[in-house]
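[1] just need the structure, nothing else, for what follows:
(3 chains)
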Amino acid sequence: MAQFEVEIKPENLVYGKSPVLTDAPMHFCPGCSHGTIHKIIAEAIDELGLQERAIGLSPVGCSVLAYNYIDIDWVQAAHGRAAAAASAMKRLNPDRLVFTYQGDGDLAAIGTGETIHACNRGENITIIYVNNAIYGMTGGQMAPTTLVGMKTMTTPDGRDPKLHGYPFVVSDMLAHLPGVCYVTRQSVHTAANVRRAKKAIRKAFENSMEGKGLSFVEMVATCNSGWKMSPTAANQWMEENMFPVYPLGDIKG
Amino acid sequence: MAKIQGTLVIDRERCKGCGVCVVACPVKVIALADDVNSMGYHYCMMAEPDKCVGCASCAIVCPDSCITVYRQKNPNA
Amino acid sequence: MKEIKLLKGNEAVAMAAIRCGCDGYFGYPITPQSEILETLMSQKPWETTGMVVLQAESETAAINMVYGGAATGKRVMTSSSSPGISLMSEGLSYLAGAELPCVVVNVSRGGPGLGTIQPAQSDYFQAVKAGGHGDFHMIVLAPASVQEMYDFTQLAFDLTFKYLNPVMVLADGVIGQMMEKVELSEGKPRVDDESIQRECGSWAATGRVGGRPRNIVTSVELDPDIQEAFNHILAAKYARIEQDEVRYETFECEDADFVLVAYGSSARICRRVMEMAREEGFKVGLFRPITLYPFPGDVIARLAERVKGFLAVEMSMGQLVEDVRLWAGRNVPAEHYGRCGGAIHSPDEVYNALKSKLIDKIK
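    So this is what the prediction gives:
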């Protein structure tokens, strides 16, 4: 049988880089979940036709430079304060899509107060919360979300609850607040999970535009550099260790 | 030979050789090259192009958006 | 017909905000300035001008709401008092670093720490020299009457958009709490979104309207050469501000042997002190900086060529006096007098200090 070559032409295109992503190569480590999450945010914005109306807030942490990659207007917020800044942005610009992109250090440690109160006010924004159980940018220190026994630069013998308390399960706590309309926990380590995660982001963005309240999308993610593993080993470790503490699925709405 | 044939266009220079696509591919099309790109990464490549069904699993999990997927009916199949 | 109302200084700030087209106020209650938020909530400007008013969960949140609102090109403000302003320092630095416009009112009280709820002028250093980390300045306006609380709030909005730099109105509990008649201006409508696109379209994160190139509001720059170049851009802006925005008042300085230097409520007290001294035959004048940054130092330097001494009068242990000494030079004494910790000096106390520290020594 003759060798058949697929023609490279638009009608044969199945999947390519989103037009809402810029051409800038991402600064993230190889295999980092941030890149995939950025990508599906761009795809969701594109699919909903919101590129001209979206304003993102980047945090302090590895994703501080998110604005280099997703081709929309961006505001870089002070460490932990994105939800407060987003609250005002949305109230002053109610027809815009306003979303924050925050890691677990930014959101669940220094920004806990701003996050909870934005949720409690039911701001019509979306929070995308990337939980990889570690401080990536500063070099792998313990986060509030670090698992019990997990080794980090500041828990060299593993997290001891007597010393450091317990992993902070943010999403379940926020789901209790009446201002929050949608809470879900997703991951992006397999194609099926990426598809589900994008659907969740789309739903959250739609909620924000329809004024339904605050939507909170947690992404359980890897930090293979911080965890000191290969990207694929990190994905497997996440399945075995992170998911029991941070189980995937819709929590509310 | 599959009825649907797929193929990948890989931006070698964007690829960081993380290998997530290798694991994601259901039909084991992809491998990391022995060569490296200008950044020193073993970029991904189609090791067994004939097997590709164009499912896009590799591209969907790629954090660096360096895989574009095309698919066409194979008239010979 | 002129509209005149009897208002507290704090109420005047709220009325000014509504009438100058302010888009959003974000604040947290703290004595002695809570009437600003209370007045706004009772006036309900969202029903008239569409202005957003939001009570934040903290001063930290409030200044970051201001940051977010300002980033979209809106006219936004907050207010607080000393400990709350300390919490806002980080946000003020970000606002200056991202070159965003905003108005911050500090109705200051005694400190340090939780201090007291009574008036003080001990936030001069913080406002003028240390609003937050990094190389930046805020324009600082110091009102001395309820009318000026009203006028300077509006002036602050003009200045903040002229320079894309935070502007602070530094008042104190005296000015915030006392009542005086105020002539209200005619209301200006809020700036509509099309005008914001036109006027702030080169920097504001409004969404990429019409597919325009994207705007990124940020203060992070990891390349030291670029960050240094940006610091030079800021410095050039501050040089323009120092050139063009100095504001002050002088009272009977022409023939004065001694000059009182005071701002805000202390300047009002010193008006009386000056009269008392003149009645006793001493040639005393008053110099009142209105902008604390940019500081009207040139005027002090010129006065120093012929006067016999300065007395800086401030409700603090001596902060303004350092700038007076800097500009007065070595040959003219610049003394300090002030009650602090919430205590307010009487004209008699200031007059006695003027006599003992300067007039009796030098005459």
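[2] what is the neighbour count of residue 24?
    No chain specified, so I'll use chain A. 11 (other CB atoms under 10 Å in any protein chain shown). Any C-beta I mention is one placed from the backbone N, CA and C, and that applies to glycine too.
[3] hm, I was asking about chain C
    Neighbour tally, residue C:24, other CB under 10 Å: 29.
[4] ok, it touching residue A:89?
    No - at 9.8 Å, residue C:24 does not count as touching residue A:89 under the criterion of CB atoms under 8 Å.
[5] hey, what's in contact with both of these two?
    Applying CB atoms under 8 Å, 6 or more residues apart in numbering or on different chains, one finds that residue C:24 and residue A:89 are jointly contacted by residue C:69.
[6] let me see the contact set for the residue in chain B that chain C sits nearest to.
    Taking CB to the nearest CB, chain C has its nearest neighbour within chain B at residue B:65, 18.2 Å off. Listed by CB under 8 Å, 6+ apart, the contact set of residue B:65 reads A:17, A:18, A:21, A:35, A:39, B:14, B:59.
[7] element containing it?
    Assessed by DSSP states H and E, residue B:65 sits outside every helix and strand.
[8] go on, the one 3 residues further on?
    Residue B:68 is located in strand B:67-73, with elements delineated by DSSP H and E.
[9] quick one: mean pLDDT for that strand?
    Strand B:67-73 comes out with an average pLDDT of 97.
[10] next one: that strand to chain centre, how far?
    Centroid separation between strand B:67-73 and its chain, computed with CA atoms, centre = their mean, to the nearest Å, is 10 Å.
[11] show me which residues of chain B are close to chain A?
    With the criterion set to CB under 8 Å from any CB of the partner chain, chain B comes near chain A through B:1, B:5-7, B:9, B:13-14, B:16-20, B:22-24, B:41, B:50, B:54-57, B:59-65, B:67-72, B:74-77.
[12] surely residue C:21 touches residue C:190?
    Yes - when contacts are counted by CB under 8 Å, residue C:21 is listed as touching residue C:190 (4.4 Å).
[13] more crowded one of these two?
    Between residue C:21 and residue C:190, counted using other CB under 10 Å, the more crowded position is residue C:190 (20 against 17).
[14] mean confidence (pLDDT) on stretch C:28-39, please.
    Rounded mean pLDDT across stretch C:28-39 is 98.
[15] ok, and does that stretch reach over to chain A?
    No - counting by CB under 8 Å from any CB, chain A is not contacted by stretch C:28-39; separation bottoms out at 11.1 Å.
[16] please save the CA atoms from that stretch in CSV.
    Written as CSV, here are the backbone C-alpha positions of stretch C:28-39 (Å, rounded to 0.1, in the frame of the first residue of the first chain):
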residue,chain,number,x,y,z
TYR,C,28,-12.3,51.2,55.0
PRO,C,29,-13.6,52.9,58.1
ILE,C,30,-11.0,54.5,60.4
THR,C,31,-11.3,57.5,62.8
PRO,C,32,-11.1,60.4,62.2
GLN,C,33,-12.2,60.2,58.5
SER,C,34,-15.1,57.7,58.5
GLU,C,35,-17.5,60.4,57.5
ILE,C,36,-16.1,60.3,54.0
LEU,C,37,-17.4,56.8,53.3
GLU,C,38,-20.5,57.4,55.4
THR,C,39,-21.4,60.5,53.4
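[17] touching it from outside, list them.
    Residues outside stretch C:28-39 that contact it (CB under 8 Å, 6+ apart): C:8, C:10-11, C:13-15, C:25, C:27, C:53, C:55-59, C:61-62, C:79-81, C:83-84, C:105, C:107, C:109, C:117-119, C:173, C:176-177.
[18] so how many other residues sit close to the residue in the stretch 101-250 of chain A that chain C sits nearest to?
    Here the residue of the stretch 101-250 of chain A nearest chain C is residue A:117; by CB to the nearest CB that distance is 4.0 Å. If you count neighbours by other CB under 10 Å, residue A:117 ends up with 19.
[19] so it is in which element?
    Going by DSSP H and E, residue A:117 is in helix A:112-121.
[20] same check on residue B:42?
    Using DSSP H and E, residue B:42 falls outside every helix and strand.
[21] list residues touching both of residue C:21 and residue C:190?
    Common neighbours of residue C:21 and residue C:190 (CB under 8 Å, 6+ apart) are C:49, C:75.
[22] which parts of chain B are helices?
    Here chain B has its helices, by DSSP state H, at B:20-24, B:57-61.
[23] state the distance from the residue of the stretch 101-250 of chain A closest to chain C to residue A:75.
    Separation of residue A:117 from residue A:75 (CB to CB, to the nearest Å): 19 Å.
[24] list the contacts for residue C:283?
    The contact partners of residue C:283, taken as CB under 8 Å, 6+ apart, are C:252, C:255, C:256, C:257, C:258, C:277.
[25] do residue C:209 as well
    A:52, C:197, C:201 are the contacts of residue C:209 under CB under 8 Å, 6+ apart.
[26] likewise residue C:137?
    Per CB under 8 Å, 6+ apart, neighbours of residue C:137: C:96, C:128, C:131, C:165, C:238, C:241, C:293.
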